[in-house]
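# Predicted model, plus sequence, below.
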Amino acid sequence: MPTETEIRKKIRCCKCGNIFTLLIDTAGEPVISVRCLYCATPLVIDLRKYPTSETEVMRVAGDESPKTLPVYVLPEILDTEEKSTDS
Ligand SMILES: [Zn+2]
């Protein structure tokens, strides 16, 4: 698994409003389940509601071959929804 797609994002709990960081793999499942670090509420982050850009060109100093990555266009802080418990 490539690690370039993993990004650390700020997450805002929809329940208590606290903000914490989470490592998100943008190449993995678009719907991410997480538990709030503060109030332990089960939360869902749905990346599908955010637009994606085609590719992102990453240029590293001294590296002649730029990398292209598909990227979600994400806000600085991601909103969450409380996970519905049907069972
Ligand atoms: Zn919370």
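Happy to help now that I have it.

# Which of the three states applies to the residue most central in space within the chain?
With distances taken as C-alpha atoms, centre = their mean, residue 24 lies nearest the centre of the chain, 4.3 Å away. Secondary structure assignment for residue 24 (DSSP: H, G, I helix; E, B strand; the rest coil): strand.

# Tell me which residues touch it, please.
When contacts are counted by C-beta atoms under 8 Å, 6 or more residues apart in numbering, residue 24 is found next to 6-9, 32, 45, 47. The way it works is simple: take the backbone N, C-alpha and C, and place the C-beta from them, glycine included.

# Likewise for residue 42?
33-36, 82-83, 85.

# Which phi and psi values does it adopt?
Dihedral angles phi and psi of residue 42 (degrees, to the nearest 10) take the values phi -70, psi 130.

# which non-adjacent residue is nearest residue 73?
Beyond its immediate neighbours in the sequence, the residue positioned closest to residue 73 (C-beta to C-beta, 6 or more residues apart in numbering) is residue 51, lying 4.8 Å away.
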